[in-house]
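J.: I'll drop the sequence and a predicted model, then ask my questions.
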Protein chains: 2
Amino acid sequence: MDDSQAVSGRRERGGRAQRQKERSGGPVGVHRPYIVRNIPTYDILSEDNLVRIEATADRILAEVGIEFRDDPEALELWRKAGASITGNLVKFPPGMLQEILAGAPRTFTQHARNRANNVEIGGKSVVFAPSYGCPFVMDLDNGRRYGTIEDFRNFVKLAQSSPWLHHSGGTICEPVDVPVNKRHLDMVYSHVKYSDRCFMGSVTAESRAEDSIEMARIVFGRDFVDANCVIMGNVNVNSPLVWDATMTTALRAYARANQCAVVVPFILGGAMGPVTSAGAIAQAHAETMAGCALTQLERPGAPVIYGNFLSSMSLRSGSPTFGTPEPAIGSMVVGQLARRLGLPLRCSGNFTTSKLPDAHAMNESTMSMLAAIHCGANFILHSAGFLDGLLSMSYEKFMMDADFCGALHTYLDGVTIDDNQLAFDAFTEVGPGSHFFGCGHTMANYTDAFWDSELADNEPFEKWQAAGSHDAAWRANRLWKKRLAEYEAPPLDEGIDEALKDFIARRKASMEDAWY
Amino acid sequence: MDDSQAVSGRRERGGRAQRQKERSGGPVGVHRPYIVRNIPTYDILSEDNLVRIEATADRILAEVGIEFRDDPEALELWRKAGASITGNLVKFPPGMLQEILAGAPRTFTQHARNRANNVEIGGKSVVFAPSYGCPFVMDLDNGRRYGTIEDFRNFVKLAQSSPWLHHSGGTICEPVDVPVNKRHLDMVYSHVKYSDRCFMGSVTAESRAEDSIEMARIVFGRDFVDANCVIMGNVNVNSPLVWDATMTTALRAYARANQCAVVVPFILGGAMGPVTSAGAIAQAHAETMAGCALTQLERPGAPVIYGNFLSSMSLRSGSPTFGTPEPAIGSMVVGQLARRLGLPLRCSGNFTTSKLPDAHAMNESTMSMLAAIHCGANFILHSAGFLDGLLSMSYEKFMMDADFCGALHTYLDGVTIDDNQLAFDAFTEVGPGSHFFGCGHTMANYTDAFWDSELADNEPFEKWQAAGSHDAAWRANRLWKKRLAEYEAPPLDEGIDEALKDFIARRKASMEDAWY
C-alpha cells in the first residue's frame, strides 16, 4: 500500500493555467523526466501459486536446460558459475540463477545528455519509451510503406516533443534505406542529435553493439560511461529455450561496458511456448533469468532489466495476437516474479494487431498498456506507435498513444488524501442543491484538476459536427504534422557532433554496404 | 488473494471447437449467466486513507446534511430512524447509516424468466448490462437521431443475442416516439418479449415504477415477486446532496416490493461536487449510503446496490468528460468503500465522449471499463453502446463493447495454476529450439486456449488489405445487422404475453398522452 498523504515533490502535475499558456506555442503538458508511481502494483497471484511457477521454471532450467549457441565464452562463463554443460545445452542447478541475480542493481539511473532527462529505472519509477523494431511505417496520407531514416528522425523528434514520453527508445522503425550493417550508426546519431533524452543502441551484431556504446562514449566520456549507464540494448531470447550468439554477444558487450541489457523472451503461446499461460510464464521466467544472470557473469553489478513479452496466437488464422486478455493477466504475474527477484521490469506496451488507428487499435492498446502499468513495469518500451502486430509504426497511433501516456501520468498519481483534497469546507460553503463552479475550493484547485487530453474531443455533438465531424485519427494526423513543423532540436555541443560524424564516417568507410 | 488452483465448475470457457461449430449459425461464444471473478480486486488505498474518506462522508452527513425534497414519508422514515430533520434537510448522526445498512443483503439473486439466466449480484460475481438512458441513437449508415421503440427493441435483441452480456438492462435508449408517460410500459414489455434475461424497470415516476413492478408480477407471479428480486430500478441522486421525490418515491416503490434499487450519485467534479477526487468520493459515499439506507427503512432486507458515478469536467470547454483517469482511479477507491459496507457494487462502464466508434471511443471506454473490473463492480450498467458523453447509443459501439465484454470473461478468469497449465511435460516433449504447434500438450489444450475476438482483425496486412482495408467500425456495422437478421425471440408463454398486453392497453387507455 503506497498511497501517500501528501503531494510529493515530484508530483509536478501540469495545471490548466500552465497548459493553457503553453498551448500558444509548443506541446501541451509539463514534462516530468519519469513517473514515480503513487498507486500500488496489482498483485493477482498468491504466494503459493507464485512458488509453483518458480518451481516449474527451476525444473525447466535444471532438467530441460537452455541452449547457448555459437558463443563459447558464454558457455565458459556458465561452466565457471557451476552450470552443467553438454554441447550447447546448459542446465542450471536450482537456485543458482537467483543467487547470481542477487548482485544485480535493484535500481539504477540511465543518464541523458541533458541531465534533466535522466531516468531512474526500478522501484516505483515508470519510464515510457516509443515502440521498437517495425520495418514499416504508416500514416493516413500515404498508407503503409517501408521505414526510412527520415521516418526514424521524425519519430525521434515526435518523442522528444512529447511531454508524456521519457525516453527516445531504440530502433523506432527500421531505416530500410540505409544498409543493414550501417543503420545502427545513423540510428544512434539520430537519437543523440534530435533528442536530449536517454536512448538505446543496436544489438544486431556484437560489433554494432560496440559501435553504439563507442558513440555513447563520445557523447558522455569514456570514464563516465564505464561508471554509469548511458545506453541500453534490448536482447531477445530465441524462444523456446535458446539463446543465440548474436544476442548473447550483444548482451555481453553491453554488460562488459557497464551498460544495461534489457532481456526479453518472445513467446507466442502455442508456438514458442505452451498454449497455457502458466507454462508460458514459467518458461519466460526461466529464459529471462538466464539472460539476466549472464550479464552478471560478464560483469557483476552491471545494470540489467528483466523483460517480458508474452502473447498468444489466433488459433483460427494462425496469426499472432496482441493486446488480448491472456498476456495482460500474464504480465501481472510476471511483475510479481520480477519483484521477487528484485530486478527492474520491462513489460508490454501499446500492442495491437489492428492495421489502422481505429477502435480496435485503442481497445487492445489500452488493455495492454494498463497491464504494464498495473504489473509494475519500470521501463515500458513500445509505449507509442505500434499497429499491425509489431510490423508498422503509425504516425497517428504514435500521437494517440503518447496522449494516453499523458493520461497515465494522472492515473499513476492516484488519489491524494489530505484536507484540501477531501474538501470538507467546500461542502459547508456550497451546501445541498447548489454547484461548485465558482466556489472558493474550486477556484483554489482548478488549475491542478483533471487530465486534459490534447486529442479527445469533449465538445458537444453539434459543435463537433460543425467543426467537421472528425475522428481521432484525423486529429492525430493534424497533430503530428503540427508537432514536426514546430520541432526545434535541442542544442548539441559542436565538438561532440563533429566527433560523432567523424566516427560514423570512418566506420561506414570501413565496410562494404550489406543489405541483409 | 483469490486465485484458485483448479478450474471451477463455472469456468465454462468457450473453446475453439465449440466456437467454430457455433460460427455456422448464431453468435460466437458460450454464454455464461454471469462471471465469477478469479482475480482479486485492485485495492489502491490504505486503511488509514479509507478511514479519512469515511470520516469526511460522516461529517458531510452530520454537519451539512442531505435534502429530501417533497417526500414527507421519506422524512418520516428518517425521523423515526433517529436523524435530525429541519425542513427538508436531514442530518445523520455518525454511524447511523452504516448500522441501518448492516441489515442489507450482501448478495442476492435477480431472477430471469429463463432461470438459466438468473444472475447473482454481489460477492465475486460480475454482471454486464447494456448502457442506459440515451435520448439519441447512432449508426454508421444514418448518423445520429432520436431513439425510437424500434431502436429500443433492436438493442434488446442485440443484448439477448450476445454471449457476453448477462442482463437486458433498462432504458437502453429513450423511445422518443412513444409518449413520455407510456414509454415505461413498452420498454418493460420489450425486455420481457425479446429477451429472457433479467431487466430493469422505470424510475421516472412512482406510478411508472409500480407499473414496471406490476408487469414483473404478471411474468413471475405476485408471491414470487414478493419473495424474490426480479426487477431493478436505477435511481440517481440530484447531486450535490439532494434527493428529490421522483427518485425517492421510485426507490421506495422498488424496496417496498422487495425489488432492487440501484443507488447512484451523479457527480461531475467541479460542478456537482468538488474539483478534487477525494472530496467527490466522500460526497458520493455520503449520498449513496443515504439512498441505500432509505431502502432498508422502507423494507428491511430489501436488495440494494451501492452505485457510483464519478466523472470530471473539461475545464477548457466546460463539457463533461468520461473515461478519463480521475474517475478510473476514483472507482477503485469507491469499490473499497462499498466492500467495507458489505454492499454489492455498481461502477462505471464503457464511457466516452467520442461521437464516433473510433480510437478515442475505445481508449476511454477500455480505461473506464477496466476500472469497473478492477474495482470489484458486481453490476456493470453501461457495459455496451455508449458514445457522445451519455447522449447516444451506437449500434457499432454496442458490438465493440460487447466483444470487449467477451475478452473480460477471459481476463476475469485469471491464471489457473495446476500441473496441466504449468505444462512441464510439454517442455520435456518439445525441448529447446523447437515449437509447440503440434505437441501433445497443445493438442490437449488448444480448444480452451485464448480469447477469440469476433471483431478484431488479426490477419496479416496483405490479407486484410485484399479484403477491403476495413476498420473496426465497418466490421461492427456488418455484425449488428447480421445479428439482428438472425435473431430469434425466446419463447414466451402466450397467457403471460396476453396478460401483459392487456395490462399495457388498460394503463395506456387510462392516461392522456404526455410528451414531457
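T.: The structure has been received and is ready for your questions.

J.: from what I see, A:S383 and A:C405 are in contact.
T.: Yes: with contact taken as Cβ atoms under 8 Å, A:S383 and A:C405 are classed as touching, separated by 5.7 Å. No exception for glycine: its C-beta is placed from N, CA and C like everyone else's.

J.: could you pull up phi and psi at the closest residue to chain B within the stretch 301-450 of chain A?
T.: Checking the stretch 301-450 of chain A residue by residue against chain B with Cβ to the nearest Cβ singles out A:A423 as nearest, at 2.9 Å. In this entry, A:A423 is assigned phi and psi values of phi 60, psi 30 (degrees, to the nearest 10).

J.: so how many other residues sit close to it?
T.: 30 (other Cβ atoms under 10 Å in any protein chain shown).

J.: between A:S383 and A:C405, what contacts are shared?
T.: Contact criterion Cβ atoms under 8 Å, 6 or more residues apart in numbering or on different chains; residues bridging A:S383 and A:C405 by contacting each: A:F128, A:L165.

J.: the more surrounded of these two?
T.: Set side by side, A:S383 and A:C405 give different neighbour counts by other Cβ under 10 Å, the larger being at A:S383 (34 against 24).

J.: mind checking which helix or strand of chain A has the lowest mean pLDDT?
T.: Every helix and strand in chain A was compared by mean pLDDT, DSSP states H and E; the lowest is helix A:16-23, with a mean of 38.

J.: strands of the stretch 151-300 of chain A, start to end?
T.: Listed in chain order, the strands of the stretch 151-300 of chain A (DSSP state E, counting those that start in this stretch) span A:199-200, A:231-236, A:242-244, A:260-264, A:267-268.

J.: looking at these, which is closest to chain B?
T.: Distances from chain B to each of these were compared by Cβ to the nearest Cβ, and the smallest falls on strand A:242-244, at 4.5 Å.

J.: helices or strands up against the closest one?
T.: Other helices and strands packing on strand A:242-244, by 3 or more Cβ pairs under 8 Å, 6 or more residues apart in numbering or on different chains; DSSP states H and E, are strand A:66-69, helix A:277-298.

J.: name the next helix or strand downstream of the helix or strand hosting A:M393, please.
T.: Applying DSSP states H and E as the criterion places A:M393 in strand A:392-394. Beyond strand A:392-394 in the direction of the C-terminus, DSSP H and E gives the next helix or strand as helix A:395-413.

J.: what about the helix or strand just after that next one, distance to the chain center?
T.: Using DSSP H and E, the helix or strand that follows helix A:395-413 in sequence is helix A:419-422. Going by Cα atoms, centre = their mean, to the nearest Å, the spacing between the C-alpha centre of helix A:419-422 and its chain's C-alpha centre is 35 Å.

J.: what helices or strands is helix A:419-422 leaning on?
T.: Using 3+ Cβ pairs under 8 Å, 6+ apart as the contact definition, the elements that helix A:419-422 packs against are helix A:440-445, helix B:47-59, helix B:277-298.

J.: format these as CSV; extra columns: mean pLDDT.
T.: Formatted as CSV, the helices and strands packed on helix A:419-422 follow (pLDDT from 0 to 100):
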stretch, mean pLDDT
helix A:440-445, 94
helix B:47-59, 98
helix B:277-298, 98
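
J.: which of those sits most buried?
T.: Among the helices and strands packed on helix A:419-422, ranked by average contacts under mean count of other Cβ atoms under 10 Å in any protein chain shown, first place goes to helix B:277-298 (a mean of 27).

J.: gap between it and the chain center?
T.: Between the mean C-alpha position of helix B:277-298 and that of its chain there is a distance of 19 Å (Cα atoms, centre = their mean).

J.: likewise stretch A:128-136?
T.: Taking Cα atoms, centre = their mean, the mean C-alpha location of stretch A:128-136 is offset from the chain mean by 9 Å.

J.: what about it, start to end distance?
T.: 21 Å (Cα to Cα, to the nearest Å).

J.: averaged over its residues, what pLDDT does it have?
T.: Here stretch A:128-136 scores 98 as its mean pLDDT.
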